[in-house]
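J.: Make a model of this:
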Amino acid sequence: MSDCMNDLRLLFEVLFVIVSVASGKGGTGKTSIAVNLAISIGSAQLLDCDVEEPNAHLFFHHETNQVEPVSILVPRVNEQLCNHCGECAKVCQYNAIFVASERVMIFPEVCHSCGGCLLVCPKKAITEERHRIGVIKVIREGDLELVFGELEVGEPLSVPLIKEVKKKLDVGKNVILDSPPGTSCPMIETVKGCDFCILVTEPTPFGLHDLNIAVQVLEDMKIPVGAIVNRADIGDKKIYDFCSEKGIPILLEIPFQRRIAELYSRGIPFSLEIPEWGERLRVLFDQVRRISSK
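T.: Below is the predicted model:
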């Protein structure tokens, strides 16, 4: 029986996992953790889902290998067929259609591409056309692949582009997803379907407040969670008390260290220049894999 259990344990340890790195607020060091974790574990895929302002690629020094435009379908009205009944505007929950007495106005920036307006139009006056919202780029460095999206300037909806980035997810590798900060729809879309979420926080009142909100979201989504405390030697200990009360493991503490900050400012992953941090991150990832396989 013990041999069988050992075999099962080994099987769990070789399984690939999908881990998201998130934070309740910006500026906690989330992207730095995601990049260094992906580099430290070897063959992996890193998805930068912060499509409004992606910056994981700043740590990579290879040229982009692949660029793909991303579009969504938005309605187009044939005014010659339209009788301006207003049914399309009534069904649109996002106010992307305005029907006047002699004209129909479409606002593609807020359209969610549900297709409801096509279904209710009695004159079949509505068709769909493509509206570009951004691009997906791919960079490969050795065994590491970075996929990131760039939202077009002025586009307010990032979730459709995040979904397209996640379609590139390689189930044959360990995958790290760098989430947008906060706990709104972009963060929820990023962490959805992940095996585990690492929340990067800092020991300050703001850090605790936003960590609390992020934990509530992940609890509702039933996603296992652990915390990394960045700049751990400043602030207070309330973060630790909160995690203890919630049963959230502190996976790693990173001190407020000038050397790490200097490397970050130069776009150099600190795990490459300070090898002991690479080992710590590998140990962290093994811990995450064990927790997520339970």
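J.: Going by neighbour count, list what's buried in stretch 253-261.
T.: 254, 260 (16 or more other C-beta atoms under 10 Å). Bear in mind the C-beta positions are built from the backbone N, C-alpha and C, glycine included.
J.: Dump the C-alpha coordinates for it into PDB.
T.: Output of stretch 253-261 as PDB, limited to C-alpha atoms (Å, rounded to 0.1, in the frame of the first residue of the first chain):
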ATOM      1  CA  GLU A 253       8.400  36.900   2.100                       C
ATOM      2  CA  ILE A 254      10.500  39.300   0.000                       C
ATOM      3  CA  PRO A 255      12.300  42.100   1.900                       C
ATOM      4  CA  PHE A 256      12.500  45.700   0.900                       C
ATOM      5  CA  GLN A 257      15.900  45.300  -0.700                       C
ATOM      6  CA  ARG A 258      17.700  47.900  -2.800                       C
ATOM      7  CA  ARG A 259      19.400  45.200  -5.000                       C
ATOM      8  CA  ILE A 260      16.000  43.800  -6.100                       C
ATOM      9  CA  ALA A 261      14.700  47.200  -6.800                       C
END
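J.: just checking, residue 260 touches residue 272?
T.: No. Using C-beta atoms under 8 Å, residue 260 is not in contact with residue 272; the gap is 11.8 Å.
J.: Buried residues in stretch 263-272, which are they?
T.: 263, 264, 269, 270, 271.
J.: same check, this time on stretch 216-232
T.: The neighbour-count criterion (16+ other C-beta under 10 Å) identifies 217, 218, 223, 224, 225, 226, 227, 228, 229, 230, 231, 232 as the buried residues of stretch 216-232.
J.: Let me have these in JSON lines, adding pLDDT, secondary structure and distance to residue 180 as columns.
T.: Shown next, in JSON lines, are these (pLDDT from 0 to 100; DSSP: H, G, I helix; E, B strand; the rest coil; distance: C-beta to C-beta, whole Å):
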{"residue": "217", "pLDDT": "97", "secondary structure": "helix", "distance to residue 180": "13"}
{"residue": "218", "pLDDT": "97", "secondary structure": "helix", "distance to residue 180": "15"}
{"residue": "223", "pLDDT": "97", "secondary structure": "coil", "distance to residue 180": "16"}
{"residue": "224", "pLDDT": "96", "secondary structure": "coil", "distance to residue 180": "20"}
{"residue": "225", "pLDDT": "97", "secondary structure": "strand", "distance to residue 180": "17"}
{"residue": "226", "pLDDT": "97", "secondary structure": "strand", "distance to residue 180": "19"}
{"residue": "227", "pLDDT": "97", "secondary structure": "strand", "distance to residue 180": "18"}
{"residue": "228", "pLDDT": "97", "secondary structure": "strand", "distance to residue 180": "17"}
{"residue": "229", "pLDDT": "96", "secondary structure": "strand", "distance to residue 180": "21"}
{"residue": "230", "pLDDT": "94", "secondary structure": "strand", "distance to residue 180": "17"}
{"residue": "231", "pLDDT": "92", "secondary structure": "coil", "distance to residue 180": "21"}
{"residue": "232", "pLDDT": "91", "secondary structure": "coil", "distance to residue 180": "24"}
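J.: Return the member of these nearest to residue 111.
T.: residue 217 (26.1 Å; C-beta to C-beta).
J.: hang on, the earlier thing: looking at the buried residues of stretch 216-232, which is nearest residue 167?
T.: Closest to residue 167, out of all of those and judged by C-beta to C-beta, is residue 223, at 19.9 Å.
J.: how about the closest one, what does it touch?
T.: Counting by C-beta atoms under 8 Å, 6 or more residues apart in numbering, residue 223 touches 20, 191, 194, 196, 197.
J.: about what we covered before: ok, so of the buried residues of stretch 216-232, who is nearest residue 42?
T.: Distances from residue 42 to the buried residues of stretch 216-232, taken by C-beta to C-beta, are shortest for residue 228, at 19.7 Å.
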